[in-house]
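Give me the fold of what follows.
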Amino acid sequence: MTVEDRVTFRSVILSAENAPAVSRAVQLLNDLGHEVLPAHSPEDAMSLLQQDQTDLLVVDVSNSSHNREFVSRLTELPNSHRPRELAIFSEAADTSLRSFRNRLMPSKVHIFLKPLHMHGLLNVLRSLEEANKLEEAQ
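Below is the predicted model of the structure:
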């Protein structure tokens, strides 16, 4: 199934414990008509990625070594199971996260510091919509 065949974007959300930032992201995605699939664990998120093409994967790595490890494991997925866009929420600047930009291609990786993450996420959503419009025009 291609993006053009779907009416909505598919988003998978993996939050850290006590992550109100992610609940705001879920609300935003729901309001914009995305299909939002919450993952209850890194294993659950990996399973969701392998089930169907995911447009956006949101992972909160704040104080979560499990979620950081999950992001590292994404490089093991074949390109067909990688999300089109990956948004990583973090509470602190972390240079190790930047290395994923090259290692997860063709996925586009975005790293957002809290609390400014929502503005960045809106830009990612706009780019997804623009990319979809270009694909539809072709």
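
What does the pLDDT read for the nearest residue in space to S107 that is not next to it in sequence?
Setting aside the residues directly before and after it, S107 is nearest to R82 in space (Cβ to Cβ, 6 or more residues apart in numbering), at 4.6 Å. Backbone N, C-alpha and C define where each C-beta goes, glycine included. Looking at R82, its pLDDT reads 94.

what residues does stretch 26-41 touch?
Stretch 26-41 has contacts (Cβ atoms under 8 Å, 6 or more residues apart in numbering) with 8-15, 45, 48, 55-56, 66, 118, 121-122, 125.

mind checking the SS state of the spatially most central residue of the chain?
The centre of the chain sits closest to L57, judged by Cα atoms, centre = their mean, with a distance of 1.9 Å. Applying DSSP: H, G, I helix; E, B strand; the rest coil to L57 yields a three-state assignment of strand.

In the chain, mark out all the helices, start to finish.
Using DSSP state H, the helices of the chain run over residues 20-31, 42-51, 65-73, 95-98, 100-103, 117-137.

Any chance of CSV for the ones you listed, columns mean neighbour count, mean pLDDT and distance to H110?
Output for the helices of the chain, formatted as CSV (neighbours: other Cβ atoms under 10 Å; pLDDT from 0 to 100; distance: least, Cβ to Cβ, whole Å):
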stretch, mean neighbour count, mean pLDDT, distance to H110
helix 20-31, 16, 79, 12
helix 42-51, 16, 94, 17
helix 65-73, 16, 92, 12
helix 95-98, 11, 78, 10
helix 100-103, 13, 85, 9
helix 117-137, 14, 78, 5
